[in-house]
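Participant: Sequence first, predicted coordinates after that:
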2 protein chains.
Amino acid sequence: MNIDKYPSRLLENAVNEFSKLPGIGRKSALRLVLHLLRQNPEQVEAFGHSLIQLRKEIKHCKVCHNISDSDICQICSNPAKNNSVVCVVENIRDVMSIENTQQYNGLYHVLGGIISPMDGIGPSDLEIESLVKRVEKGEIVEVILALSTTMEGDTTNFYIFRKLKDFEVKLTTLARGVSIGDELEYTDEITLGRSLLHRVPYESSVGR
Amino acid sequence: MNIDKYPSRLLENAVNEFSKLPGIGRKSALRLVLHLLRQNPEQVEAFGHSLIQLRKEIKHCKVCHNISDSDICQICSNPAKNNSVVCVVENIRDVMSIENTQQYNGLYHVLGGIISPMDGIGPSDLEIESLVKRVEKGEIVEVILALSTTMEGDTTNFYIFRKLKDFEVKLTTLARGVSIGDELEYTDEITLGRSLLHRVPYESSVGR
């Protein structure tokens, strides 16, 4: 498959490692490696060590399972956060996306995936039991289900709903509708239909 | 510019390092880092070490200045190569490209760049003196100039020509012409003109 001859085994090693990354082929890998060769050794060493350290030392928050440097993450340990609301997300990128909106002041619960029988991921592979335990403590008033609107997301939502429905906790999901800036004629009918169904009072839409 | 909040300093470090690479933005960097977090620690350690080792231990061939694991590179030390022909190239990627054609059996001389006053690169920044020294020894019969056909490439070619013209050595350049598979009507006129000017006997074009 690959007949490229590298002038050096060290170079070939580095190219092999880079091309294992998603979306990086052997040509891009070579370009990146040659770029690193032009940097000074300290910089490349810092790069290498940052990766090794990352994988070795990173922790997951014992409460919300977000990535963290300590046992309890920055969000869970922040006293300014509203700890009566928990937003259930699939992965840490979703946490970052929601944090970046600066519109949410509650806590999170990172499932680590969604139920997907095709990929062999069942409820026990996800952090669902620990979510139930958090709710059991009785301090949580609202659980926001913020999973993607795929079949797998819906299944996971329903599974969590069944697990939590007997607790005294409000279950909500994200509003779905036409994206801000989108034109109606290019919006798919399911989204547009949902937008109509869940229409909001005009005053609340211009509030912020 | 960047208001992303990362849940971990280790994660942020790794993203920072990745996004220093050319063509990798912060979003791609995060995707790559999260991919590494899903690998087992040994794999990530191998990746990190391959980079550190590369930068620390890589050498440049003392003869042709190609990248090498030892003082003399695989090509220069290969007795099967024709050491009376030297192909002058800009960088090691050009060496690899030419090696991959499997049409050349001579040696190389890697300049490490081309003369480019705009970027502050003069003849003394390049491995031109060492090329002259190689030719001086009298074993080299032909020097092939394989630099790019830009103004900088032409300048460098001319500079090398002036340095070598008094030696008994044949100076050649790559043939320029219509790419194989290209249609004439889409070929630029300079290339097409050159193809006509340097036309070759029909028999030699079907030879191999």
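Facilitator: That came in fine, so what should we check first?
Participant: wait, what's in contact with A:Asn105?
Facilitator: A:Asn105 sits next to A:80-82, A:85 when contact means CB atoms under 8 Å, 6 or more residues apart in numbering or on different chains. Using the backbone N, CA and C atoms, a C-beta is placed for each residue, glycine as well.
Participant: What remains of the residues you listed if I keep only buried residues?
Facilitator: A:81, A:85 (16 or more other CB atoms under 10 Å in any protein chain shown).
Participant: how about the helices of chain A, start to end?
Facilitator: Applying DSSP state H to chain A gives helices spanning A:9-18, A:26-38, A:41-57, A:92-101, A:129-136, A:151-164, A:189-197, A:202-206.
Participant: okay, and the helix or strand of chain A with the least pLDDT?
Facilitator: Within chain A, no helix or strand scores below helix A:202-206, which has a mean of 71 by mean pLDDT, DSSP states H and E.
Participant: what's near enough to touch the nearest residue to A:Ile144 once chain neighbours are set aside?
Facilitator: The spatially closest residue to A:Ile144, leaving aside those adjacent along the chain, is A:Cys87, at 4.4 Å (CB to CB, 6 or more residues apart in numbering or on different chains). Applying CB under 8 Å, 6+ apart, we find A:Cys87 in contact with A:98, A:104, A:106-109, A:143-144, A:146.
Participant: In a markdown table: these, plus distance to B:Thr150, neighbour count and pLDDT.
Facilitator: Listed next are the contacts of A:Cys87 as a markdown table, based on distance: CB to CB, whole Å; neighbours: other CB atoms under 10 Å in any protein chain shown; pLDDT from 0 to 100:
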| residue | distance to B:Thr150 | neighbour count | pLDDT |
| --- | --- | --- | --- |
| A:Ile98 | 49 | 18 | 90 |
| A:Tyr104 | 53 | 17 | 91 |
| A:Gly106 | 58 | 18 | 94 |
| A:Leu107 | 58 | 22 | 95 |
| A:Tyr108 | 53 | 27 | 95 |
| A:His109 | 57 | 26 | 96 |
| A:Val143 | 62 | 24 | 94 |
| A:Ile144 | 57 | 19 | 93 |
| A:Ala146 | 53 | 21 | 92 |
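Participant: Just checking: what are the partner strands of the lengthiest strand in chain A?
Facilitator: In chain A, with assignment by DSSP state E, the single longest strand is strand A:82-89. With DSSP bridges as the test, strand A:82-89 is paired with strand A:106-110 (parallel), strand A:142-145 (parallel).
Participant: now that strand, how far from the centre of its chain.
Facilitator: Chain-centre distance of strand A:82-89: 15 Å, with CA atoms, centre = their mean, to the nearest Å.
Participant: Also stretch A:28-42?
Facilitator: 30 Å.
Participant: what about that stretch and chain B, any contact?
Facilitator: Yes. Judged by CB under 8 Å from any CB of the partner chain, stretch A:28-42 comes into contact with chain B at A:28, A:30-37, A:39, A:41.
Participant: Could you list the low-pLDDT ranges of chain A?
Facilitator: Applying pLDDT under 70 to chain A picks out residues A:1-4, A:205-208.
Participant: now do 50
Facilitator: Applying pLDDT under 50 to chain A picks out residues A:1-2, A:208.
Participant: Contacts only, for A:Gln39.
Facilitator: B:Arg55.
Participant: Domain map for chain A?
Facilitator: A:9-57, A:80-174, A:177-208 (automatic domain parsing).
Participant: deepest of the ones you listed, which one?
Facilitator: Across the domains of chain A, averaging neighbours per residue (mean count of other CB atoms under 10 Å in any protein chain shown) puts domain A:9-57 on top, at a mean of 18.
Participant: Now for A:Leu10: which residues touch it?
Facilitator: B:50, B:53-54, B:57-58, B:69.
Participant: Can you give me the distance of the residue nearest to it when sequence neighbours are not counted to B:Ala14?
Facilitator: In space, A:Leu10 comes closest to B:Leu54 once its chain neighbours are excluded; the distance is 4.7 Å by CB to CB, 6+ apart. Using CB to CB, to the nearest Å, one gets 18 Å for the distance from B:Leu54 to B:Ala14.
Participant: again with A:His35
Facilitator: 17 Å.
Participant: Next: A:Thr149.
Facilitator: From A:Thr149 over to B:Ala14 the distance is 31 Å, taken as CB to CB.
Participant: and A:Gln74, how many neighbours does it have?
Facilitator: 18 (other CB atoms under 10 Å in any protein chain shown).
Participant: Would you mind measuring from it to B:Val89?
Facilitator: Distance, A:Gln74 to B:Val89, by CB to CB: 51 Å.
Participant: can you check A:Ile58 too?
Facilitator: Distance of A:Ile58 to B:Val89, computed by CB to CB: 43 Å.
Participant: One more: A:Glu57?
Facilitator: Distance from A:Glu57 to B:Val89, counting by CB to CB: 43 Å.
Participant: Same question for A:Ser97.
Facilitator: For A:Ser97, the distance to B:Val89 - CB to CB - is 46 Å.
Participant: before we move on, what about A:Tyr186?
Facilitator: Counting by CB to CB, the gap from A:Tyr186 to B:Val89 is 51 Å.
Participant: wait, the residue nearest to A:Leu10 sits on A:Phe47?
Facilitator: No. Counting by CB atoms under 8 Å, B:Leu54 stays clear of A:Phe47, with 10.8 Å between them.
Participant: returning to that earlier point: can you tell which of the domains of chain A is closest to B:Leu126?
Facilitator: Nearest of the domains of chain A to B:Leu126, taken as CB to CB: domain A:9-57 at 14.9 Å.
Participant: Ends of that closest one, what's the gap?
Facilitator: Start and end residues of domain A:9-57 are separated by 30 Å (CA to CA, to the nearest Å).
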